[in-house]
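J.: the following block contains a protein sequence and its predicted model.
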Amino acid sequence: TESQNRFNLVFQNFIRIFCNPSHPLVLFLDDLQWADNASLKLMQLMMTDQEMQALLVIGAYRDNEVSATHPLMTLLDQLQQQAVTVNTITLKPLSKFHLCQLIDDTVPHSLQPTDPLADLVQQKTEGNPFFVNEFLKNLHVENLLNFDNQSRVWDWNIDQIQAQDLTDNVIELLISK
């Protein structure tokens, strides 16, 4: 406990160095559903520290992996009770419109319309942003989505992509990688 408290104090002092109104610090912490109690306690100490200024902590977690009794949920409740501002944004799957925008931005300068590709990606990923990204990377790795250096355009064959045995499951895709 003494060692943990010493570490927490040193870390808090270290973070304070970088936090000031003229130069705010933003910490992004991903996969908080897997955070251990010591890490959550350190987060709580930083976020309730009256001397800590200009600190923004952005945390991401999978809400389907935490219950009301999960230590992260307990921490969020405690922070709100201590008058710490906690804002929650629930990310939903990408809509067809936003998926088309993403694909247009991912494969600019294509000679063919991206709507059929967006339809296929929507069907395979259900709009899950992480899976969309992994699916598109997989298409590129499998040479189903290519950039032609000579003509400087992206190219794909939707029929060829549909003919492939591409998984509809993100876990299967990641396991295969």
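T.: Noted; the coordinates are in hand.
J.: contacts, neighbours, all on C-alpha from now
T.: OK.
J.: from what I see, residue 131 and residue 123 are in contact.
T.: No - Residue 131 is not in contact with residue 123 according to CA atoms under 8 Å; the separation is 11.4 Å.
J.: okay, these two: which has more neighbours?
T.: Neighbour comparison, residue 131 and residue 123: the larger count goes to residue 131, with 21 against 11 (by other CA atoms under 10 Å).
J.: just say helix, strand or coil for that one.
T.: Put simply, residue 131 is helix when judged by DSSP: H, G, I helix; E, B strand; the rest coil.
J.: show the backbone phi and psi for residue 6.
T.: The phi/psi pair for residue 6 (degrees, to the nearest 10) reads phi -60, psi -50.
J.: measure it to residue 12 for me?
T.: According to CA to CA, to the nearest Å, residue 6 stands 10 Å off from residue 12.
J.: in which helix or strand would I find residue 146?
T.: strand 145-148 (DSSP states H and E).
J.: typo on my end, it should be residue 61
T.: Counting by DSSP H and E, residue 61 is part of no helix or strand.
J.: how far away is residue 141 from residue 147?
T.: When distance is defined by CA to CA, residue 141 is 12 Å away from residue 147.
J.: who has more neighbours, these two?
T.: Remark: of residue 141 and residue 147, residue 147 carries more neighbours, 17 against 11, as counted by other CA under 10 Å.
J.: name the nearest residue to that one, ignoring sequence neighbours.
T.: residue 154 (4.3 Å; CA to CA, 6 or more residues apart in numbering).
J.: what of residue 68?
T.: Nearest one to residue 68, counting by CA to CA, 6+ apart, is residue 74 at 7.5 Å.
J.: so which residues of this protein form strands?
T.: Per DSSP state E, the chain carries strands over the ranges 25-29, 55-59, 145-148, 153-156.
J.: now that residue 65 has come up, it's in contact with residue 31, right?
T.: No - Residue 65 is beyond contact range of residue 31, at 10.0 Å (criterion: CA under 8 Å).
J.: for the residue nearest to residue 147, what are its contacts?
T.: Applying CA atoms under 8 Å, 6 or more residues apart in numbering, we find residue 154 in contact with 107-111, 145-148.
J.: recalculate using a threshold of 6 Å.
T.: 107, 110, 146-147 (CA atoms under 6 Å, 6 or more residues apart in numbering).
J.: skipping adjacent residues, who's closest to residue 42 in space?
T.: Using CA to CA, 6+ apart, the nearest residue to residue 42 is residue 8, at 6.1 Å.
J.: nothing else from me, thank you.
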